[in-house]
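Asker: predicted model, plus sequence, below.
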Amino acid sequence: MKKSIAVSVVCLIFAVSCKTDKTSEENMDITPPKANKIAKNLETHGDTRVDNYYWLNDRENEEVIDYLERENEYYEKMTEHTQAFQKDLFEEMKSRIKEDDESVPYFYNGYYYITRFETGNDYPIYSRKKGSLDAEEEILFNVNDMAKDHSYYNLRGINVSPDNKWVAFGVDTVSRRQYKLHVKNLETGEILSETIENTTGGSTWANDNETLFYTRKDAQTLRSNEIFRHKRGTESSKDELIYTEEDETYITYIYKTKSDKYLVIGSNSTLTSEYQILEADNPTGKFKVFQPRERGLEYNISHFGTDFYILTNKDGATNFKLMKTPETNTLKENWKDVIEHRETVLLEDIDIFKDYLVVSERNNGLNKIRIMRWDETDDYYLPFDNETYTAYTIQNREFDTDTLRYGYNSLITPASVIDFNMKTREKTVMKEVEVLGGKFNKDNYESKRVWATAEDGTKIPISMVYRKGIKKDGSNPFLLYAYGSYGSTIDPYFSTVRLSLLDRGFIFAIAHVRGGEYLGRQWYEDGKLLKKKNTFTDFIDASKYVIEEGYTSADHLYASGGSAGGLLMGAIVNMNPGLYNGVIASVPFVDVVTTMLDDSIPLTTGEYDEWGNPNNKEYYNYIKSYSPYDNVSKQKYPNLLVTTGLHDSQVQYWEPAKWVAKLRDMKTDNNKLLLQTNMDAGHGGASGRFEALKEVAMDYAFILDLENIKE
């Protein structure tokens, strides 16, 4: 569901399915599992919904586990003929990846930090070198050793103390994003005995190198709601609770400004922000509210010199503007414009340097990076000439430098890391992702951006890529992907694994539907709450466009989405099932009404401003009108592959399980309907880099099989 976590899921998922008789369930002579019906009446606002599969909402129930396992067995039988192909695809994808690989080192506080992988290993090795890249390597973490006894392992939040002697880190071995926080002595290698349970995995050091702040989650809802102060070397039971976010529609977190002067507690809902500040040299002091929360006022703060710089929508700045205020007078009446609001330019982020302000913008869907000197002697944009691409600033931890680091890639250009001298305007490509195997040549592929027309006349951008030489005769297999929620923008990005589709004749495309921020903040506002259906109709109209233009046909069109994008998939197969030959819905959010009425489920209360609160009758009726589970009907559906994780904390496993059970009972076709539940993983899928490839190979084998492509 959530924006912060959704993007990490969708980059691995690329749709699938079909509707031809030769692949029907009956013709396979294998009986699909059938879930028991136990009617439960759910009454809201005088309206009664009958949920026959509500009982699946209990992972401790042996009958529930039995049903999921029977679905997995059915999936294995139905895809047995593709198992060898899956293995071939996996090896093919893996062969393009440089197994011995290393990140571009970045410099921070006296050390170069490096992440590297070694041949045959699934997990990274984190290391650093003092002062010079020629210095001896110091291993911070070899995650391969740490993960040996776990089926799932995720290490995050590596945070080195200012004196470089201690490192805090979080570990999740269940895949519910509840991390145990640990502290390691970098001089001795000892991991201290204190363990802090149920955190976000992140932490923030005060400047005394002893005080560590962290965020704890509510044990049931998993909402990040408490900030604690911990003294290194003491047990967590002695930690001091310094802030509780009481409003259930907010989450809270803590960080330190790039200037290292301030600790900042943030509290955010979908529509509103609030921050509290405290000098990092005084960690036992009391935090001061920067600007009290006002519904609809969003802002982010960065510190420089004696001022705070504020990205905000204040004064109706829908696309945000940049303001500043003295650090001694932070209330909004003291804020002054630095970069004014622009109707056609979305202001996304800033990076502050000693001599420069770097601004990340979005104009007509495209990333722009603007460089401004504080003394106003220079103001220019980095040149990007491609029709569709992705550019972003990264790892700019140092303050006193002329070097800006940014990343760049496109649908046909492998990702590169570039160091740009803001003074001389010289750029150095530090690394470009190598595509191994000797077969990839970007000149063999073409990317473009086209515009479909939505039913209300709005132009919907579509970024697509394909191997040169395709014919617009409707015969090309076509994979259309979208997300469309939380203002999360899926930029056109390069993928080595996607080559396994492109080289077999597929066209891949991203529909930049409303609900994201591809065309600015209003693009998001027009795809949420009581305008959510625009997301679904935009995708359908994009699908019709690629058919009308001859790129594909309904017999060869596939759709894909994960998490909130899985909601999109569930909606379109109810609204226009005949438009698609198949659909993959990965960890799909499909039981929207029931979930949004249950405030004990993770994320529910924090999402009232995204979907609406169904305790309000107007929102209840609107959500019910599109919720995929509530709108399954007796009709033909395309072939469907649905995936979930038993320990998913973002979209509970029972949503896709109930949806599949209801579809089995009501659909009138013989097309495939497969549910695959990862009994070990959660929302993000498998934890290893190669294990994740196996999941992609599973999806690709399915879609290719439906196209009768066997090798």
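Answerer: Ah, there it is. Residues are numbered from 1 along each chain as shown.
Asker: mind listing what K468 touches?
Answerer: Residues near K468 by Cβ atoms under 8 Å, 6 or more residues apart in numbering: N444, Y445, E446. All C-beta spots, glycine's among them, are computed from the backbone N, C-alpha and C.
Asker: can you lay out those as CSV showing neighbour count and pLDDT?
Answerer: Shown next, in CSV, are the contacts of K468 (neighbours: other Cβ atoms under 10 Å; pLDDT from 0 to 100):
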residue, neighbour count, pLDDT
N444, 13, 98
Y445, 17, 98
E446, 15, 98
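Asker: filter those residues down to just the ones in strands.
Answerer: Of the positions in those, Y445, E446 sit in strands, assigned by DSSP state E.
Asker: out of the contacts of K468, who's nearest D315?
Answerer: E446 (43.6 Å; Cβ to Cβ).
Asker: so for Y524, what's the pLDDT?
Answerer: pLDDT for Y524: 98.
Asker: next: E327.
Answerer: Reported pLDDT for E327: 97.
Asker: that one contacts H303, correct?
Answerer: Yes: E327 is within contact range of H303, at 7.0 Å (criterion: Cβ atoms under 8 Å).
Asker: just to revisit the earlier point, and which of the contacts of K468 is nearest to E136?
Answerer: Nearest to E136 among these, with distances taken as Cβ to Cβ, is Y445, at 42.6 Å.
Asker: so G457 belongs to a strand, correct?
Answerer: No: counting by DSSP: H, G, I helix; E, B strand; the rest coil, G457 falls outside a strand, being coil.
Asker: E274 versus that one, what's the distance?
Answerer: 38 Å (Cβ to Cβ, to the nearest Å).
Asker: which one of these two is surrounded by more residues?
Answerer: Neighbour count, other Cβ atoms under 10 Å: between G457 and E274, E274 has more, with 21 against 6.
Asker: that one sits in which helix or strand?
Answerer: E274 is part of strand 273-279, with elements assigned from DSSP states H and E.
Asker: against which helices or strands is that strand packed?
Answerer: Judged by 3 or more Cβ pairs under 8 Å, 6 or more residues apart in numbering; DSSP states H and E, the packing partners of strand 273-279 are strand 262-268, strand 288-289, strand 299-304.
Asker: mind listing what the nearest residue to N409 once chain neighbours are set aside touches?
Answerer: Distance criterion Cβ to Cβ, 6 or more residues apart in numbering; nearest residue to N409, sequence neighbours excluded, is A415 at 3.9 Å. Neighbour list for A415: G407, Y408, N409, E432, V433, Y493, F494 [criterion: Cβ under 8 Å, 6+ apart].
Asker: let's see that with 6 Å instead.
Answerer: N409, V433, F494 (Cβ atoms under 6 Å, 6 or more residues apart in numbering).
Asker: for D351, see how far away it is.
Answerer: For A415 relative to D351 (Cβ to Cβ), the value is 19 Å.
Asker: tally of neighbours for G550?
Answerer: 14.
Asker: isn't V696 up against V497?
Answerer: Yes: because the distance of 5.3 Å satisfies Cβ atoms under 6 Å, V696 is recorded as touching V497.
Asker: thinking again about what came up before, and which of the contacts of K468 is nearest L68?
Answerer: Y445 (39.8 Å).
Asker: the closest one against T413, yeah?
Answerer: No: contact between Y445 and T413 fails when scored by Cβ under 6 Å: they sit 9.6 Å apart.
Asker: in the chain, where is pLDDT below threshold?
Answerer: Applying pLDDT under 70 to the chain flags residues 1-29, 648-650, 681-687.
Asker: now the helices for it?
Answerer: 3-10, 62-78, 83-95, 143-146, 499-502, 521-525, 533-548, 564-575, 592-597, 608-611, 617-626, 654-666, 689-706 (DSSP state H).
Asker: okay, the angle between the third one and helix 689-706?
Answerer: Counting by axes from the mean of the first three to the mean of the last three Cα atoms, to 10 degrees, helix 83-95 lies at 130 degrees to helix 689-706.
Asker: residues of helix 83-95 that come out buried?
Answerer: F85, Q86, D88, L89, F90, E92, M93, K94 (16 or more other Cβ atoms under 10 Å).
Asker: the second one too?
Answerer: Neighbour-count burial for helix 62-78, with 16+ other Cβ under 10 Å as criterion, is recorded at V64, Y67, L68, E71, N72, Y74, Y75, M78.
Asker: in contact with L597, which residues?
Answerer: L597 touches P614, counting by Cβ under 6 Å, 6+ apart.
Asker: now do it against S259, distance only.
Answerer: 44 Å.
Asker: same deal with N142?
Answerer: For N142, the distance to S259 - Cβ to Cβ - is 33 Å.
Asker: mind jotting down where the strands sit in the stretch 351-500 of the chain?
Answerer: With DSSP state E, counting those that start in this stretch, the ranges of strands along the stretch 351-500 of the chain come out as 356-363, 366-373, 379-381, 390-393, 403-409, 416-421, 427-432, 445-453, 459-467, 478-481.
Asker: what is the nearest of the buried residues of helix 83-95 to A317?
Answerer: Nearest member of the buried residues of helix 83-95 to A317, counting by Cβ to Cβ, is M93, at 43.9 Å.
Asker: give me the nearest residue to the closest one, chain neighbours excluded.
Answerer: Closest to M93 by Cβ to Cβ, 6+ apart is V497, at 4.6 Å.
Asker: could you do D379 as well?
Answerer: According to Cβ to Cβ, 6+ apart, the nearest residue to D379 is M372 (4.8 Å).
Asker: now swap in F506 and tell me
Answerer: Per Cβ to Cβ, 6+ apart, closest to F506 is P477, 4.8 Å.
Asker: what about that neighbour, neighbour count?
Answerer: 22.
Asker: what's it in contact with, if anything?
Answerer: Taking Cβ under 6 Å, 6+ apart, one finds F506, H556, E707 in contact with P477.
Asker: ok, and the most crowded of those?
Answerer: F506 (28 neighbours).
Asker: from L704, how far out is that residue?
Answerer: 8 Å.
Asker: surely V497 meets K94?
Answerer: No: the criterion here is Cβ under 6 Å, and V497 misses it with K94 at 9.3 Å.
Asker: send the alpha carbons of stretch 241-261 over as PDB?
Answerer: This file holds the C-alpha atoms of stretch 241-261, laid out as PDB (Å, rounded to 0.1, in the frame of the first residue of the first chain):
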ATOM      1  CA  LEU A 241      10.400   7.900  25.400                       C
ATOM      2  CA  ILE A 242      10.700  11.500  24.200                       C
ATOM      3  CA  TYR A 243       7.800  11.700  21.800                       C
ATOM      4  CA  THR A 244       4.600   9.900  21.000                       C
ATOM      5  CA  GLU A 245       2.600  10.700  17.800                       C
ATOM      6  CA  GLU A 246      -1.000  10.400  19.100                       C
ATOM      7  CA  ASP A 247      -2.700  11.100  15.900                       C
ATOM      8  CA  GLU A 248      -3.300   7.700  14.200                       C
ATOM      9  CA  THR A 249      -3.200   9.300  10.700                       C
ATOM     10  CA  TYR A 250       0.500  10.300  11.200                       C
ATOM     11  CA  ILE A 251       3.800   8.500  11.300                       C
ATOM     12  CA  THR A 252       6.900   9.900  13.000                       C
ATOM     13  CA  TYR A 253      10.700   9.600  12.400                       C
ATOM     14  CA  ILE A 254      13.900  11.300  13.400                       C
ATOM     15  CA  TYR A 255      17.000  12.500  11.400                       C
ATOM     16  CA  LYS A 256      19.900  14.900  11.600                       C
ATOM     17  CA  THR A 257      20.400  17.800   9.200                       C
ATOM     18  CA  LYS A 258      23.200  17.700   6.700                       C
ATOM     19  CA  SER A 259      24.800  20.500   8.700                       C
ATOM     20  CA  ASP A 260      25.000  18.200  11.700                       C
ATOM     21  CA  LYS A 261      23.700  21.000  13.900                       C
END
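Asker: list the buried residues in it.
Answerer: Here stretch 241-261 shows 242-243, 245, 248-258, 261 as buried, counting by 16+ other Cβ under 10 Å.
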